[in-house]
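My questions concern the predicted model and sequence given below.
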Protein chains: 2
Amino acid sequence: MAQNCRFAFAVHVLSSLALSEDGAMNSEQLAETVNTNPVVIRRLLLDLREANLLITQRGPGGGAKLACPSSQISLAQIFKAVSGEFQLFGEHPNEPAKGCCVGRSIKLVLEDVAQKAARCVEKEYAAISLADVVHQLQEK
Amino acid sequence: MAQNCRFAFAVHVLSSLALSEDGAMNSEQLAETVNTNPVVIRRLLLDLREANLLITQRGPGGGAKLACPSSQISLAQIFKAVSGEFQLFGEHPNEPAKGCCVGRSIKLVLEDVAQKAARCVEKEYAAISLADVVHQLQEK
DNA sequence: GCTTAGGTAACTGAGTTTGTTACAAATTGA
DNA sequence: TCAATTTGTAACAAACTCAGTTACCTAAGC
């Protein structure tokens, strides 16, 4: 799995956009709230735009804003947009010994096991919307 | 989460032990079937022993063998033994801006979200035993 | 055409991970 | 007691990932 923080940053960015006054913020403002570099934010925005979660605008007064209401964006969509597929553990990197029956099939079985975890998490995250997150943020 | 392959190696090693004739194999034999270095295997064995999943024995004729029947070892136990807690994505590494309401609480909310995924995967993996894996290996 | 802001390439430094060598410690059996 | 075997462990190397950074190009608005 990804142990990078792109998902965390993405949720932060999208929440900020959802809560901003006119719905738009530029990469410098977003970088400030996340406490990172504007380029890191822009790289993230590209992936989120690719997934049709937000719209970017160049030039003066530009920036990013949500492409749809926060209730229509799920954490599963956000995760996939910035981290690719759900992946809980790293693959078996080596070619296991063909001789024994374990080496012959272990990769297939592990793939199966990985898919079970992925489906389970995806289902869980598909049920949580950005609006839910924003709501929790306002409560705390 | 862990994008390392320790879990994959661990399942491979434990399956090999479960299927071996007298139930015991040394680190060199295990390294051969996994196609890696004996020291990598030994480091893994230490964690698995720590979790009471297997027993190691030094000296001539030594090696490792399962501490209990494969039906009593779950993938959840194996995962925790070698990869620590279930963790799907990396934490927010920076201290977010305190000024805005997002920065103030985003970490708490994300922690909540991460726990939901962790519990969900743990439940899934607790239901799969090493015996199930071995059975699948023999079928394929 | 000047200014602003996103798009993008290239590089750095830190951290992680597997693999490797080397050796100490324990165990067995002669 | 001694020699052989095997785990335990430290130390290091090479590859990889990742966030951060600088610099510059491109597009849009005034």
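That came through, no problem. Residues are numbered from 1 along each chain as shown, chains lettered A, B, ... in the order given.

is any part of the lengthiest helix in chain A close to DNA strand C?
If you go by DSSP state H, chain A has its longest helix at helix A:101-126. No - shown here: helix A:101-126 not in contact with DNA strand C (C-beta under 7 Å from any atom of the strand), separated by at least 13.5 Å. Glycine gets a C-beta too; all of them are placed from N, C-alpha and C.

Quick check: the most centrally placed residue in chain A vs residue B:100, distance?
Geometric centre of chain A, nearest residue: residue A:79, 2.6 Å, by C-alpha atoms, centre = their mean. For residue A:79, the distance to residue B:100 (C-beta to C-beta, to the nearest Å) stands at 23 Å.

in the longest helix of chain A, what's buried?
Neighbour counts using 16 or more other C-beta atoms under 10 Å in any protein chain shown place A:102-103, A:105-106, A:109-110, A:113-114, A:116-118, A:120-122, A:124-125 of helix A:101-126 among the buried residues.

Packing partners of it?
Using 3 or more C-beta pairs under 8 Å, 6 or more residues apart in numbering or on different chains; DSSP states H and E as the contact definition, the elements that helix A:101-126 packs against are helix A:75-83, helix B:6-19, helix B:27-34, helix B:101-126, helix B:130-139.

Give me the residues contacting the last one.
Counting by C-beta atoms under 8 Å, 6 or more residues apart in numbering or on different chains, helix B:130-139 makes contact with A:101-102, A:105-106, A:109, A:112-113, B:11, B:14-15, B:18-19, B:69-71, B:73-75, B:78, all of which sit outside it.

Residue A:87 contacts residue B:3, correct?
Yes - with contact defined as C-beta atoms under 8 Å, residue A:87 reaches residue B:3; the gap is 7.1 Å.

Neighbour count: those two, which is higher?
Neighbour count, other C-beta atoms under 10 Å in any protein chain shown: between residue A:87 and residue B:3, residue A:87 has more, with 18 against 13.

So that one: helix, strand or coil?
coil (DSSP: H, G, I helix; E, B strand; the rest coil).

just residue A:22 next, same as before
coil.

Count the neighbours of it for me.
Residues near residue A:22, counting by other C-beta under 10 Å, number 7.

And for residue A:56?
Per other C-beta under 10 Å, the neighbour tally for residue A:56 reads 17.

Now do the same for residue A:102: its pLDDT.
Note on residue A:102: pLDDT of 87.

give me every residue that touches the residue nearest to the centre of chain A.
Residue A:79 sits next to A:7, A:86, A:125, B:89 when contact means C-beta under 8 Å, 6+ apart.

let's see it at 10 Å
Taking C-beta atoms under 10 Å, 6 or more residues apart in numbering or on different chains, we find residue A:79 in contact with A:2, A:6-7, A:10-11, A:85-86, A:121-122, A:125-126, B:88-89, B:113, B:117.

go on, residue A:57?
A:24, A:26, A:63-65.

By neighbours, which of those residues wins?
Highest neighbour count within these, by other C-beta under 10 Å: residue A:64, with 28 neighbours.

Let me know whether my guess that it is in a helix holds.
No - using three-state DSSP, the assignment for residue A:64 is strand, not a helix.
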